[in-house]
Each structure stands twice: as structure tokens, then as C-alpha cells.
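Enquirer: need coordinates for the following:
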Amino acid sequence: MVVANTHGLVVPDLLTAQGYMWLITTYDPRTVLPAPALETFRAWRGDPYTGTPPEGSTAARQREALLTDLADRGNYLFTRNELEQFTLRGEAVPLIPTRATSIVPPGFEIPVAMMLPDTTTVDQIIGSVSENGIAHYHLTGKGKTAKPDEGVLKALEARVPIVVLARVPSDQTVDPADITYQAIFPVYIHRYSRKASMLELDVSQAYAFDTPAQTALSAPIAPDFRVHERRWSFRVVKRRLHQPLFSRDVMDAYQGRCAVCGLDVPELLEAAHIIPDRDDDGLAWVRNGMALCKNHHAAYDANLLAVSPDLTISVAPPLLVAPATAGSALRDILASLHGAPLKVIPADKQQQPDSGCLATRFTEFQQKWSIPATPMEKAGPTSGSYT
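Expert: Numbers count the residues shown, from 1 in each chain. Model prediction:
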């Protein structure tokens, strides 16, 4: 007797041990076999899947609360010390591995997170993301030691969203307690390839909290595992993963102050892209960014406010005309910025806005409001930084 499957393969109900090992290292069995066949295979010796039952409702709610809390924080960079002292609803929930890489706080049986070894950086994980939104994590060790711990396999089979903690590289030697990790979530462990000693991590939904599909972080099952049927935007996934480090670097460069008005309230500041991150050239690069308060960020994104390559602020013509209605204080403040220089500029030339990025964006502003370019602007920028 044979069974049909989504890959068009013909798979006998019973496989030899060698055939089964080929199966689990070539495909995710959940996309190949029906549930009854999986139950049979779970009994096979050497099966990496643990037969973990679905997560209980109480633990599922706690998992959702954890992911929601992380999403609400907006800052996805944590030192090891902060992870050790992490709290959720007033209770201590240390996000530090209890064994191997799995993080299983009290009240959970299936890990809520996994911390990658410090030899694997977040840059390496992001760099490994394929066009279908899958990151590839090569297990450390050799031979039989190069395998995930049981907790990771439980998360794979239970299809629960987890947090992946990957070290942020640093040029300086730091105390172990101050090592910074980026929290990537929600992540689903897509597949374990024993042959390649590799975990495939589905990061396609990471940080996508504002999309309709992400209204429930506690989805009872993982996304469709038939990857060839999904069409994820490779650029969008990588852009989201780069955002936390981009925000940190921009805020550090501007010393936590708005480039336009100098406001220094962290809760009201955002890292703005000069060339929008939706564009091919909208890189998550500190020189393609400026720290802006929420008002000026919104105005900049709407091309109501612009910054020329010589770091001079321009305001859209409609805002320069005094309105006939009351309540125009904010409009007057914006209009007063016209022709003024940026108030805050990074001291390090290597962190100052790139003149090419500014020129591209300023041209867009001019075209929107039919503002003719000057001869110098037509000639283009001659330098990438400012003295």
C-alpha cells in the first residue's frame, strides 16, 4: 500500500531505516505523509521527532503574552544581564538557556526561546535567509555532537512560535553580562536536517506585527510548511530583521536627539530612513538614516519636510502659506524650519547622512511640489559626508 503526498512522491507505509533517514533529511515529514503514517514513524528508532503533544491552553496564553510583551517593547536588543532579569507581568521569566540552547521558563514544557551560541551572530543568521524566508543555522560540533537538544525538537514538532536570540557582533571586548543579543520573533523551527547538521528557521513572519496575518501571535500551528507554495518577499523579511540594529545605530549616532528639532525624549524618537526601506536602495545603514521625532518623521515620510544634501531643511510650499483656520501652531512651527540647518548632526563623519541618499530623496520632494532644481543640485553631490 502506498500513500500520495504533496510532493508527488510514492512513499510506502513502512520504510527501511535508511529510507526513513533519507525522508527526514530531504523533506519535512509533515508535508509528505498523512498523520497516521507519522504516528508509525514516530516509533522508529532514531526518529528526531519526540511525539510532543500540542501545547496546553494555559502555556499557549503565556507564550502569546511573552511574544506580545516583546512586540510592545519595540526594542529587540537585550544584554545577557537584561535577559537574566527579564520579567513578564511582574514575574521573573529569565530568558537564559536552562540546558543547551533551549529556554524553558517555569510553567512551560516546550521552549519559548533558543539562544544561539555566541559563535553564531545575528548577521550570519540574516545573511543565511533564503528567498522563501528560511534562515539556516548550522549546528555546532561534529558528528553526533552536532545536533539540537530535545527542547528544540519539541518546538519543531509542536509547531509553536519561539524567540531566537542571536549575538550582536561588537568590535570591542565586553563583559559577558553586557553581550548584546537580538531577539528575533515569532520564529518557527521549520525543519531539522540531520544529514546537513542544520536547523531551518522560518523567520518570514518576524516583526510583522502590523500585518493582518499577525493579529494573533499565538497561532495554534505554524505557517504552511509547503514552502514552495509560499511567496514571501525576500527583501521585506531581511529589512525587518535589520531594523533593530539600524535603530540602535542611528539613535547612538544622533545621541538620542531629533536631527530637526533636538528633542531628546526617547519615547518620541524614531530612526527614519532617508531612502525608504521599501526601495531597493533603502538600506538599513546608519548613513541612510536620521533620528527624528514622531512629528518630523511623519512629515519627512510624507514629503512635507525635506533635507537637502547641504543639510538644509525645506518645508513643502502649502505649509508656508498661513492657513485661514485656527489651531495652526504646529503648521507655524514646521514653516519656521524652512531654510534652517539640521539642529543635530553626528560628530563622526562616517555616521553623517550620505549626500547621495539625501540628493535622491530631496529630488523626490522637489518633483512632488514642482520645485525647480538649482544648477548645483542638477550637478549632483560631490561628497558623501560633510565637514
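Enquirer: give me the mean pLDDT for the longest helix seen in the chain.
Expert: Longest helix in the chain, counting residues (DSSP state H): helix 234-253. Per-residue pLDDT values across helix 234-253 average out to 86.
Enquirer: with stretch 153-160 instead?
Expert: Averaged across stretch 153-160, the pLDDT comes to 84.
Enquirer: just how off-centre is that stretch within its chain?
Expert: 21 Å (Cα atoms, centre = their mean, to the nearest Å).
Enquirer: and what of stretch 287-304?
Expert: 21 Å.
Enquirer: follow-up on the earlier one: mind giving me the packing neighbours of the longest helix of the chain?
Expert: Helix 234-253 makes packing contacts with strand 77-79, helix 122-127, strand 180-193, strand 269-273, strand 289-293 when contacts are defined by 3 or more Cβ pairs under 8 Å, 6 or more residues apart in numbering; DSSP states H and E. Bear in mind the C-beta positions are built from the backbone N, C-alpha and C, glycine included.
Enquirer: angle of it against strand 289-293?
Expert: Counting by axes from the mean of the first three to the mean of the last three Cα atoms, to 10 degrees, helix 234-253 lies at 70 degrees to strand 289-293.
Enquirer: now what about helix 234-253, what contacts it?
Expert: For helix 234-253, the external contacting residues (Cβ atoms under 8 Å, 6 or more residues apart in numbering) are 75-77, 122, 125-126, 129-131, 133, 168, 182, 184, 203-204, 206-208, 266, 269-272, 277, 280, 282, 284-286, 289-291, 346, 348, 351.
Enquirer: can I have the buried ones of those residues as a ChimeraX selection?
Expert: Buried members of these, defined by 16 or more other Cβ atoms under 10 Å, are picked up in ChimeraX with:
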select :76,122,125,126,129,133,168,182,184,203,204,206,207,269,270,271,272,277,282,284,285,286,289,290,291,346,351
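Enquirer: does residue 262 touch residue 341 like I think?
Expert: No: between residue 262 and residue 341 there is no contact under Cβ atoms under 8 Å: 11.8 Å.
Enquirer: and the longest helix of the chain, which residues are buried?
Expert: Result for helix 234-253 [16+ other Cβ under 10 Å]: buried residues 237-251, 253.
Enquirer: same question, stretch 293-300
Expert: 293, 295-297, 299-300.
Enquirer: so which of these are in helices?
Expert: Per DSSP H, those map to helices at 295-297, 299-300.
Enquirer: mind putting those residues into TSV with pLDDT and distance to residue 364?
Expert: Listed next are these as TSV, based on pLDDT from 0 to 100; distance: Cβ to Cβ, whole Å:
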residue	pLDDT	distance to residue 364
295	95	20
296	97	17
297	96	16
299	96	14
300	97	11
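Enquirer: and which of those residues is nearest residue 98?
Expert: Nearest to residue 98 among those, counting by Cβ to Cβ, is residue 297 at 40.7 Å.
Enquirer: show me the contacts for residue 311.
Expert: Residue 311 makes contacts with 341-342, 345, 353, 358, 386, as judged by Cβ under 8 Å, 6+ apart.
Enquirer: selection in PyMOL covering whichever of these are buried, please.
Expert: Typed into PyMOL, the line below selects the buried ones among these, using 16+ other Cβ under 10 Å:
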select buried, resi 342+345+353+358
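Enquirer: save the contacts of residue 311 as a markdown table, and put in pLDDT, secondary structure and distance to residue 195 too.
Expert: Converted to a markdown table, the contacts of residue 311 look like this (pLDDT from 0 to 100; DSSP: H, G, I helix; E, B strand; the rest coil; distance: Cβ to Cβ, whole Å):
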| residue | pLDDT | secondary structure | distance to residue 195 |
| --- | --- | --- | --- |
| 341 | 97 | strand | 60 |
| 342 | 97 | coil | 55 |
| 345 | 97 | coil | 53 |
| 353 | 97 | coil | 48 |
| 358 | 97 | helix | 50 |
| 386 | 35 | coil | 53 |
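Enquirer: tabulate the contacts of residue 311 (CSV), appending distance to residue 189.
Expert: CSV is the format used below for these (distance: Cβ to Cβ, whole Å):
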residue, distance to residue 189
341, 50
342, 45
345, 44
353, 40
358, 42
386, 47
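Enquirer: quick check, central residue of the protein?
Expert: residue 241 (2.6 Å; Cα atoms, centre = their mean).
Enquirer: and residue 179, how far from residue 349?
Expert: Distance of residue 179 to residue 349, computed by Cβ to Cβ, to the nearest Å: 29 Å.
Enquirer: of those two, who's got more company?
Expert: The residue with more neighbours, out of residue 179 and residue 349, is residue 179; 16 against 13, by other Cβ atoms under 10 Å.
Enquirer: tally of neighbours for the closest residue to that one other than its chain neighbours?
Expert: Setting aside the residues directly before and after it, residue 179 is nearest to residue 80 in space (Cβ to Cβ, 6 or more residues apart in numbering), at 5.0 Å. Residue 80 is flanked by 21 other residues according to other Cβ under 10 Å.
Enquirer: hang on, residue 80 packs against residue 97?
Expert: No: here residue 80 lies out of contact with residue 97, judged by Cβ under 8 Å, at a distance of 10.9 Å.
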